[in-house]
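Trainee: please find the sequence and the predicted model below.
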Amino acid sequence: MRILHTSDWHLGRAFHGVDMLPHQADFIDHVLDVVETEGVDLVVIAGDIYDRGLPPVDAVSLASRAFGRLAQSRAQVVISSGNHDSARRLGFAADLIAHAGVHLRTDASRLDHPVILNDAHGEVAVYGIPYLDPEVCKREWSLSARSHEASLTEAMNRVRADLAQRSGTRSVVLAHAFVAGGQPSDSERDITVGGVDRVPVGVFDGIDYVALGHLHGQQTLRENVRYSGSPLAYSFSETTHRKGSWLVDLGPDGEVAAEFIAAPVPRPLARLQGTLDELLTDARYAEHEGAWIQATLTDEARPLNAMDRLRKRFPHALALAYQPTQGAQRERVARESMTDQELILHFVDHARSTVATPSESDLIADALAACCHDPEADQSVSA
């Protein structure tokens, strides 16, 4: 059986103010193309279809079109909900939609009810585990601990109990979690509970292929346990990521062979650092002129209109930070040891590029004295 594993679409998400919906639509076109050209039998989407529980209407429309096109394709589809999704909204009319070959798994109470598919070598049971809220699971399943590990361990015990009744059936599990060994980026929502968020990879022992979602970089934890990552970059921490999906061949005895299929890249990302003048003039940055840019300026003094000037060379600059050189940092530390009078005089010098006159200095001293005078404190001392 040939499986296409994807996750973390985050439909409706913006990237530093850039609308990503057109690029997300391009990725869905790409998925449909891979399904046909690669002869995919099963598409699994391991959570975070949407970027938030109440997604914008345009994102819902795109998801609706995507599910409809997948239903008309050659592949069966299994979708589980992630921590960004509203499980109830995503799972609306799941039983009805399943008749079209799109199986929504958003109800934790039914996670041990697999989608049963067949190929030339027999049955494949596909279990979709939605994102599990540890607080809810502890209460409803009477668990001894409130943690992701406890919740997912119980979920997998239920999956294995069902699988044990299906002799010779191969297995696929979708799960949305932070599994130990995975490397996070800045764009995933924190799911820490009581300081514990990671789940041991051994929780998934006994399963032929585990399709993970939540972390946005494609990763292989074991040959049969993988993150597909998000199809697009959603933070500059993902600058070095290669985005796409796993194309997995599940053999007759459950053996796995996987190939990573790269997704279309709407625009490369680049992180640049240097003085504003260096970024605007240095030839080595020419290759990044068409990229989305995160720039960190190291100028001793903060340049005026830095973003506008930066965009003359890098029209797609999106983020700007300021990290002065060590000399400027030493100056900042020195300012912290100044008296109030010295600090204000330093500001006057910086703001108008000329030092305060003696009369201005006296006026500042008088103002400080008036502001700092505390009659009640004086009376208390004299008493």
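Mentor: Thanks, I have it. Numbering: from 1, shown residues only.
Trainee: helices along the protein, start to end?
Mentor: 21-37, 57-71, 87-90, 94-98, 134-140, 148-164, 276-281, 306-313, 326-336, 340-352, 358-372, 375-382 (DSSP state H).
Trainee: with mean pLDDT added, can I get those in JSON lines?
Mentor: Output for the helices of the chain, formatted as JSON lines (pLDDT from 0 to 100):
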{"stretch": "helix 21-37", "mean pLDDT": "98"}
{"stretch": "helix 57-71", "mean pLDDT": "97"}
{"stretch": "helix 87-90", "mean pLDDT": "95"}
{"stretch": "helix 94-98", "mean pLDDT": "95"}
{"stretch": "helix 134-140", "mean pLDDT": "94"}
{"stretch": "helix 148-164", "mean pLDDT": "96"}
{"stretch": "helix 276-281", "mean pLDDT": "96"}
{"stretch": "helix 306-313", "mean pLDDT": "96"}
{"stretch": "helix 326-336", "mean pLDDT": "58"}
{"stretch": "helix 340-352", "mean pLDDT": "82"}
{"stretch": "helix 358-372", "mean pLDDT": "85"}
{"stretch": "helix 375-382", "mean pLDDT": "48"}
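Trainee: quick one: which of the ones you listed is nearest R170?
Mentor: Closest to R170 of the helices of the chain is helix 148-164 (C-beta to C-beta; 9.5 Å). C-beta: built from backbone N, CA, C; applies to glycine.
Trainee: would you mark the buried spots in that closest one?
Mentor: 148-156, 158-160, 162-163 (16 or more other C-beta atoms under 10 Å).
Trainee: tell me the helices and strands packed up against it.
Mentor: strand 122-128, helix 134-140, strand 170-176, strand 198-199 (3 or more C-beta pairs under 8 Å, 6 or more residues apart in numbering; DSSP states H and E).
Trainee: of all these, which lies closest to H346?
Mentor: Nearest to H346, of the helices and strands packed on helix 148-164 and by C-beta to C-beta, is strand 198-199 at 48.0 Å.
Trainee: from the contact counts, what lies against that closest one?
Mentor: Short answer (3+ C-beta pairs under 8 Å, 6+ apart): strand 198-199 packs on helix 148-164, strand 178-179.
Trainee: just the helices of the chain: most buried one?
Mentor: helix 148-164 (a mean of 19; mean count of other C-beta atoms under 10 Å).
Trainee: for stretch 5-13, output the C-alpha coordinates as PDB.
Mentor: Only the C-alpha atoms of stretch 5-13 are listed here, as PDB (Å, rounded to 0.1, in the frame of the first residue of the first chain):
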ATOM      1  CA  HIS A   5       1.900  11.400   4.900                       C
ATOM      2  CA  THR A   6       1.400  15.100   5.500                       C
ATOM      3  CA  SER A   7       0.400  17.200   8.400                       C
ATOM      4  CA  ASP A   8       0.200  20.700   9.900                       C
ATOM      5  CA  TRP A   9      -1.400  22.600   7.000                       C
ATOM      6  CA  HIS A  10      -2.400  25.400   9.300                       C
ATOM      7  CA  LEU A  11      -4.900  26.800   6.800                       C
ATOM      8  CA  GLY A  12      -5.600  30.500   7.500                       C
ATOM      9  CA  ARG A  13      -2.200  31.200   9.000                       C
END
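Trainee: average pLDDT for it, rounded please.
Mentor: Mean pLDDT, stretch 5-13: 97.
Trainee: pick out whichever of the buried residues of helix 148-164 sits closest to L304.
Mentor: Nearest member of the buried residues of helix 148-164 to L304, counting by C-beta to C-beta, is H148, at 48.0 Å.
Trainee: from A155, how far off is the closest one?
Mentor: 10 Å (C-beta to C-beta, to the nearest Å).
Trainee: for G122, see how far away P184 is.
Mentor: In terms of C-beta to C-beta, P184 sits 37 Å off from G122.
Trainee: looking at these two, which is more packed in?
Mentor: P184 (15 against 12; other C-beta atoms under 10 Å).
Trainee: quick one, what contacts the residue lying closest to that one once chain neighbours are set aside?
Mentor: Closest residue to P184 apart from its sequence neighbours, by C-beta to C-beta, 6 or more residues apart in numbering: L215 at 5.6 Å. Neighbouring residues of L215 by C-beta atoms under 8 Å, 6 or more residues apart in numbering: 178, 182-185, 188, 227, 229.
Trainee: need those in CSV (columns: distance to L363 and pLDDT).
Mentor: Below are these laid out as CSV (distance: C-beta to C-beta, whole Å; pLDDT from 0 to 100):
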residue, distance to L363, pLDDT
F178, 59, 92
G182, 61, 84
Q183, 57, 83
P184, 54, 81
S185, 53, 78
E188, 54, 70
Y227, 63, 97
G229, 61, 97
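Trainee: all strands of the stretch 201-350 of the chain, in order?
Mentor: 209-213, 219-222, 225-227, 244-250, 256-262, 269-274, 292-297, 317-322 (DSSP state E, counting those that start in this stretch).
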